[in-house]
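>>> need a 3D model of the sequence below.
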Amino acid sequence: MSTLAILIVDDEAPARRKILNFLKDEPAATILEAENSTQALKIIQDRRPDIVFLDIQMPGLDGFELIEAVGAENMPTVVFVTAYDQYAIQAFEVEAVDYLLKPFDRDRFRRALERARDRVGRLAESSKVLRSLLGEIRKERGFLERIAVRKGSTISFVRVSDIRRISAEEKYVNLHTAEGVWLVREPIGSLEGRLDPARFARVHKSHIVSRDFVREIQPWSHGDSIIILKNDEQVPLSRRYRANLLD
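Alright, predicted model coming up:
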């Protein structure tokens, strides 16, 4: 039997100890612990665990934001751990995602572990389920106020109000702020749907701008225009998206 690497992510030490106790008789497993999402990100990057028991409610970056920072395609098999959260539980059940509702007993934990073990290695299937789950959770949370970004093993937040513009880079986007540029693992179309249209406008297939940072619009050619931002940056305005900005 191959050795499983299992990661426990929870900011509460007693909660981690409970799962550790349930795993003590697991014959072939390497057990890893993280008390916050920043630690979890580094472990996932460095150790590539097979299964993660992931608490949702954590200070700073919560469990869903951790998945967004890591990327659903890079996540191990996930078992969510949560106190009572009716909307999240409904989303888990719709997407057939396994979860443990605190407080849970040894039998319930064992069933979750066995199901997770059966899913190990089916990464394409797991990432598809996680992306669908995140879509459901985003609907409940409404428009973004902050975006989790990562550099190496560090996670930080970009306030949406600080974003001047967003540019597409294949399947990713760059968030442009006064402090720098941040790469986010999300297509521009997906991110557009999570931004308040009263604050942001899609102006090109590869560009979104903050309405507050637009200084002027200048004609260009063939019905297209150039947007001049308050910091003098220039962004193309396609005639196809012109109404998004001007309506």
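
>>> list the buried residues of the lowest-mean-pLDDT helix or strand in the chain.
Least confident helix or strand of the chain, by mean pLDDT, DSSP states H and E, is helix 86-94 with a mean of 74. The neighbour-count criterion (16 or more other Cβ atoms under 10 Å) identifies 88, 91-92 as the buried residues of helix 86-94. From N, CA and C alone the C-beta is placed, and that goes for glycine too.

>>> can you redo those residues as CSV with distance to Ile31?
Shown next, in CSV, are those (distance: Cβ to Cβ, whole Å):
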residue, distance to Ile31
Ala88, 25
Ala91, 28
Phe92, 24
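
>>> nearest to Arg119, of those residues?
Closest approach between the buried residues of helix 86-94 and Arg119, by Cβ to Cβ: Phe92, at 14.2 Å.

>>> and the closest residue to Leu101 other than its chain neighbours, how many neighbours does it have?
Distances taken as Cβ to Cβ, 6 or more residues apart in numbering place Thr82 nearest to Leu101, at 6.3 Å, with adjacent residues excluded. Thr82 has 17 neighbours, counted by other Cβ atoms under 10 Å.

>>> in the longest helix seen in the chain, what counts as buried?
Secondary structure assigned by DSSP state H gives helix 123-141 as the longest helix of the chain. Buried residues in helix 123-141, counted by 16+ other Cβ under 10 Å: 126-127, 129-134, 136-138.

>>> for the spatially most central residue of the chain, give its distance to Phe157.
Nearest to the mean C-alpha position of the chain, by Cα atoms, centre = their mean, lies Glu68 at 1.4 Å. Glu68 sits 11 Å away from Phe157, taking Cβ to Cβ, to the nearest Å as the criterion.

>>> which residues do the two both contact?
Ala148 (Cβ atoms under 8 Å, 6 or more residues apart in numbering).

>>> and which of the buried residues of helix 86-94 is nearest Gly60?
Ala88 (18.0 Å).

>>> so who does the closest one touch?
56, 80, 82, 99, 137.

>>> how many other residues sit next to the closest residue to the fourth one other than its chain neighbours?
Distances taken as Cβ to Cβ, 6+ apart place Phe80 nearest to Tyr99, at 4.1 Å, with adjacent residues excluded. Neighbour count for Phe80, taken as other Cβ under 10 Å: 24.

>>> pLDDT weak spots in this structure?
1-2, 84, 87, 94-95 (pLDDT under 70).

>>> domain map for it?
The chain resolves into domains spanning 4-141, 146-246 when parsed by automatic domain parsing.

>>> from the chain's centroid, how far away is the first one?
Meaning domain 4-141. 14 Å (Cα atoms, centre = their mean, to the nearest Å).

>>> endpoints of that domain, how far apart?
34 Å (Cα to Cα, to the nearest Å).

>>> show me where this protein has its helices.
Going by DSSP H, the chain shows helices at 13-23, 37-47, 63-70, 86-94, 106-119, 123-141, 188-192, 242-246.

>>> quick check: angle from the fourth one to helix 123-141?
It stands for helix 86-94. Angle between the axes of helix 86-94 and helix 123-141 is 150 degrees (criterion: axes from the mean of the first three to the mean of the last three Cα atoms, to 10 degrees).

>>> same question, the third one
For the pair helix 63-70 and helix 123-141, the angle between their directions (the same axes, to 10 degrees) equals 130 degrees.

>>> give me the helices and strands touching helix 63-70, please.
If you count contacts as 3 or more Cβ pairs under 8 Å, 6 or more residues apart in numbering; DSSP states H and E, helix 63-70 packs onto helix 37-47, strand 51-55, helix 123-141, strand 146-151.
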